[in-house]
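A.B. asks: Take this sequence and fold it.
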Amino acid sequence: MRRTERGSALILAVIVVLVVTVIALGVINFASREVAGAYGGARRQALVACAESARQLISSRFHAVGMMPTAIQALNVDLDGAGRQRAVGGHVDDTSGVQINQVVILPDRAFGPGQMTRDLTNVIGGSSHSNGTPIRVLVHCVDQGDANGVGGRQLEIEFGVRFGL
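C.D. replies: Numbering: from 1, shown residues only. A predicted model of the protein is given here:
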């Protein structure tokens, strides 16, 4: 006796192969998105570290004896030695180039009460020292990108400090 139902196993095998192929394509697509997200996260962390190092670099220049913070030269420095990451003064996408006045003196009450109210802890009686001059500092980091043109992002940090005693 011969069976007349030939080829049903072949059709079932083709359907199973198609289902496995669709699942494999979905896994590959998901994995490529995860890799792209991880790569983007790493580049973001590198840009944050670059901007933080620019902040620390400009803050370290405040320690020059006898120099006012407003006399500090604006940053325009390579941070990685290869010229891909630069610490620059000024705002992001500033078309005028490096901003010369990246350190600006603010009004006395910019950070809250000034000399009228202050902490007297560890202060010698009768001392007339102020709480320091409030200043605003602005730096940002520019990621020039790699040889493939990947990059070109910027991150700005603006912070305030009290300079002096």
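A.B. asks: The residue sitting nearest the centre point of the chain in helix, strand or coil?
C.D. replies: For the chain, the residue nearest the mean C-alpha position is V48 (2.6 Å; Cα atoms, centre = their mean). Following DSSP: H, G, I helix; E, B strand; the rest coil, the label given to V48 is helix.
A.B. asks: Look up how far G160 lies from it.
C.D. replies: Distance, V48 to G160, by Cβ to Cβ, to the nearest Å: 19 Å. No exception for glycine: its C-beta is placed from N, CA and C like everyone else's.
A.B. asks: likewise T133?
C.D. replies: Distance from T133 to G160, by Cβ to Cβ: 11 Å.
A.B. asks: Same check on G26?
C.D. replies: Here the distance between G26 and G160 works out to 50 Å (Cβ to Cβ).
A.B. asks: Sketch out the helices for this structure, chain order is fine.
C.D. replies: Here the chain has its helices, by DSSP state H, at 8-60.
A.B. asks: May I ask which helix or strand of it has the lowest mean pLDDT?
C.D. replies: strand 103-105 (a mean of 75; mean pLDDT, DSSP states H and E).
A.B. asks: hmm, back to that, isn't the residue nearest to the centre of the chain up against E156?
C.D. replies: No - at 11.4 Å, V48 does not count as touching E156 under the criterion of Cβ atoms under 8 Å.
A.B. asks: one step back: looking at T133 and G160, which one has more neighbours?
C.D. replies: Between T133 and G160, T133 has the larger neighbour count (other Cβ atoms under 10 Å), namely 17 against 12.
A.B. asks: Report how far apart the opening and closing residues of stretch 63-74 are.
C.D. replies: 15 Å (Cα to Cα, to the nearest Å).
A.B. asks: likewise stretch 59-78?
C.D. replies: Length of stretch 59-78, first residue to last, Cα to Cα: 17 Å.
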